[in-house]
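1. Need a 3D model of the following:
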Amino acid sequence: MSALVLLLSACAGEGPARVGGEEGGGERPTIVSLNPCSDAVLAEVAAPGQLLAISHYSKDPRSSSMDMATAARFPATGGTVEEVLALDPDVVVAGGFLAPATRAAFADLGIEVVTFGIAGDVAASMQQVRDLASLAGDVAAGERLIDTIEEALAEARPAGDERAEVLLWQPGGIVAGEQALVSDLLARTGFENVAPSRGLSQADYVALEDVVAAPPRVLLVAGSQMGQRHPVLNALPDMRREHFDTGLLYCGGPTIIRAVERLAEIREAAS
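-> Numbering: from 1, shown residues only. Coordinates of the predicted model:
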């Protein structure tokens, strides 16, 4: 690794260019994002030309937390040191699972690395928006995004106190636990996640037979396993089955807006 780092350092040139900020605001750091959740936030709060690249996950509809039109505005990388160095950023934003060797290589090259974990609820997601906006040098943009998210949450809040029992069946046949962001969104849009009451924790597996034996009022299917598409699910008269986009499952920030809009739509249909 050290020989590679020395070679890449020699090719790095005279250092990263910075993007001019608003009047009186100084220069903003250029950023490469390797985290699909950070991609979506930075696309909203970064200045033109400041976000040099997003993660390749955001270019794939199956894993993106961004709409494809927004993702198309930015180049993407696979997260390799070589790709990032070619873009010459000031800062790399990554998830908590960034390989130690990759992080060390960035440090040796003088590239700052900032990592963000997966937000477990709305409050944690709001804090990440603020942190990313501060990193990008535009705190006000972060607050504007938070205001928009809060408006969406308020609009998606049900009028009454009645809650609809829901089971969220995710890719791989697993369920969301109580500490997942999507569980917080379910509660805010008038649902009761039945997974905990059935003794199920984060990422526990649920078989088709389990669903048939005790169908929830609403089944949100975010996976495509054979059991999740089985015709027997159509024969459960007291259960409403709805598709839930996998791109709405894990990320906060602006993704919350689309997620609660979809959940409110489903909740209204199930009333």
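2. Now do stretch 178-192: distance from first to last residue.
-> 11 Å (C-alpha to C-alpha, to the nearest Å).
3. contact partners of that stretch?
-> Identification of contacts with stretch 178-192 by C-beta atoms under 8 Å, 6 or more residues apart in numbering yields 118-122, 124-125, 153, 156-158, 160, 162-166, 168, 176-177, 193, 195-196, 201-202, 218, 248-252, 256, 259-260, 263-264, 267. All C-beta spots, glycine's among them, are computed from the backbone N, C-alpha and C.
4. before we move on, what about stretch 131-144?
-> Contacting residues not belonging to stretch 131-144 are listed as 21-22, 25-29, 31, 38, 41-42, 44-47, 50, 91, 93, 114, 116, 129-130, 145, 253 [C-beta under 8 Å, 6+ apart].
5. What residues of stretch 247-267 count as buried?
-> Residues of stretch 247-267 classed as buried by neighbour count (16 or more other C-beta atoms under 10 Å): 247-260, 262-264, 266-267.
6. ugh, typo on my part, it should be stretch 134-149
-> Here stretch 134-149 shows 135-138, 141-142, 145-146, 149 as buried, counting by 16+ other C-beta under 10 Å.
7. Which of those residues sits closest to Arg240?
-> Nearest to Arg240 among those, counting by C-beta to C-beta, is Ile149 at 26.9 Å.
8. Just give the closest residue to the closest one, not the sequence neighbours.
-> Spatial nearest neighbour of Ile149, chain neighbours left out: Ile256 (5.2 Å); criterion: C-beta to C-beta, 6 or more residues apart in numbering.
9. Checking my notes, the one you found in a helix, right?
-> Yes - per DSSP: H, G, I helix; E, B strand; the rest coil, Ile256 lies within a helix segment.
10. my guess is it meets Ala124, correct?
-> No - shown here, Ile256 and Ala124 do not form a contact pair, counting by C-beta atoms under 8 Å, at 11.4 Å.
11. so what's Arg73 up against?
-> Each residue near Arg73 by C-beta under 8 Å, 6+ apart is listed here: Ala43.
12. returning to what we had before: show me how to select, in ChimeraX, the buried members of the contacts of stretch 131-144.
-> Of the contacts of stretch 131-144, the buried ones can be selected in ChimeraX as follows, counting by 16+ other C-beta under 10 Å:
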select :21,28,29,31,38,41,42,44,45,46,47,50,91,93,114,116,129,130,145,253
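13. List the buried residues of stretch 169-181.
-> Judged by neighbour count (16+ other C-beta under 10 Å), stretch 169-181 contains these buried residues: 169-170, 173-177, 180-181.
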